[in-house]
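Participant: 3D model of this:
(one chain, ligands or ions: 1)
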Amino acid sequence: LSNRILELTGIRYPVFQGGMAWVADAQLAAAVSNAGGLGIIAAANMPPELLDRELHRVRELTDRPFGLNIMLLSPTADDVIEIAAVHRVPVITTGAGKPGKVIERLKPLGAKIIPVVASVAHARRVEQQGADAVIAEGLESGGHIGEISTFALVPQVVDAVSIPVIAAGGIADGRGVAAAFALGAEGVQMGTRFVCVRECSAHQRYKEMILKAGDRSTVVTGRSTGHPVRCIKNKFSTKFEEMERNGASVEEIEAFGSGRLRAAVVDGDVEWGSVMAGQCAGMIDDIPSAAEVIRRIFAQAADVAENMGVVGSFFRSLCLEEGM
Ligand SMILES: O=C(O)COc1ccc(-c2c[nH]c(CNC(=O)Nc3ncc(Sc4ccccn4)s3)n2)cc1
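Facilitator: Numbering: from 1, shown residues only. Purely as a prediction, here's the structure:
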């Protein structure tokens, strides 16, 4: 059995690993790709020579398909596009902006372009521009988010476009995978779940913040700057919220916020760094291998979907009772 996401990308399980800035390096991407998912390297603000090295490394570590995420807010985005062209990266995802120029430059080279969208309007526009699929990412997600929940966004995007939709935001186990497919998605993307895997090089204290998190452990800061970002509550986020309440300028806030994600991921400063994570952090209690995560979520998704057969009969019986 197959589906459009497997056909489009050549992967074995319809699961992408989120292209998380500072976290998604060649080692993590290769582990996910070798396990049958789509590993994705985050270009973020990486200097060109570093990105070039990561793209060489991933090809040494896996011969499976892999992706590159281009964060469109980054001033390096144009250089990243050129590096992606030289390396013939097979799958490109984009975030936090308008992917028109990415589609124009890389689609003719045979790359599959799959933008993250946060609304129906974004999804319609990128389909028109030639996107091969979209990742509909809900506000449950970690990092830079839109304003619509996954549960509400995915079915509306599915109804609005005819290219395949991948669901993202709040998915960390097989129930989320089965639910995403019930909403019409043909794949899922997970970020926070793939931070807590052995092959992820994020600092151990960052991973521990996710293991300790509960359902109410994240907050959204930065709405006042137009870049809402979800992260785990800590001294940094509390100070950030206080600055926004006191009407600090966008410049002051951006100066305060810059470099904080790196401080958390690379240096393990989980008090004053930005510990970006999704609302599913409360569901993550272990640090298995990437392969174990993928095996487990599709085994559970299979159980859930098969048990839904019973629920289907229940729904059917309700309709029959009323003679509907
Ligand atoms: O302007 C338009 O029409 C398109 O506007 C868009 C608006 C939002 C999005 C969007 C939402 N979520 C995503 C994909 N997810 C992400 O991009 N998540 C990110 N996490 C950390 C990032 S680095 C950063 C970025 C800004 C401020 C601070 N740090 S990027 N893209 C995509 C397009």
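Participant: Contacts (any at all) between the ligand and stretch 109-116?
Facilitator: Yes: counting by C-beta under 6 Å from any ligand atom, the ligand has neighbours in stretch 109-116: Val116. Bear in mind the C-beta positions are built from the backbone N, C-alpha and C, glycine included.
Participant: for that stretch, which positions count as buried?
Facilitator: If you call a residue buried by 16 or more other C-beta atoms under 10 Å, then stretch 109-116 has these buried ones: Ala111, Lys112, Ile113, Ile114, Pro115, Val116.
Participant: ok, these vs Leu55, which is closest?
Facilitator: Ala111 (12.9 Å; C-beta to C-beta).
Participant: how far away is the one residue in the chain that gets nearest to the ligand from Val188?
Facilitator: With C-beta to the nearest ligand atom, the shortest gap between the chain and the ligand falls at Gly143, namely 2.3 Å. The gap separating Gly143 from Val188 is 17 Å, by C-beta to C-beta, to the nearest Å.
Participant: Arg53 now?
Facilitator: 29 Å.
Participant: Between the two, point out the one with more neighbours.
Facilitator: Val188 (29 against 13; other C-beta atoms under 10 Å).
Participant: That one belongs to a helix?
Facilitator: No: Val188 is assigned strand when assessed by DSSP: H, G, I helix; E, B strand; the rest coil, not a helix.
Participant: ok, it touching Ile166?
Facilitator: Yes: contact criterion C-beta atoms under 8 Å: Val188 and Ile166 qualify, at 6.3 Å.
Participant: shared neighbours of these two, anything?
Facilitator: Pro14, Phe16 (C-beta atoms under 8 Å, 6 or more residues apart in numbering).
Participant: what about the strands in this protein?
Facilitator: Secondary structure of the chain by DSSP state E: the strands cover 15-17, 39-42, 66-71, 91-95, 112-117, 134-137, 143-144, 165-168, 187-190, 218-221, 229-232.
Participant: Tell me which other helices or strands the second one touches.
Facilitator: What that stands for is strand 39-42. strand 15-17, helix 26-34, helix 48-61, strand 66-71 (3 or more C-beta pairs under 8 Å, 6 or more residues apart in numbering; DSSP states H and E).
Participant: In the sheet, which strands lie alongside it, parallel or antiparallel?
Facilitator: strand 66-71 (parallel) (DSSP bridges).
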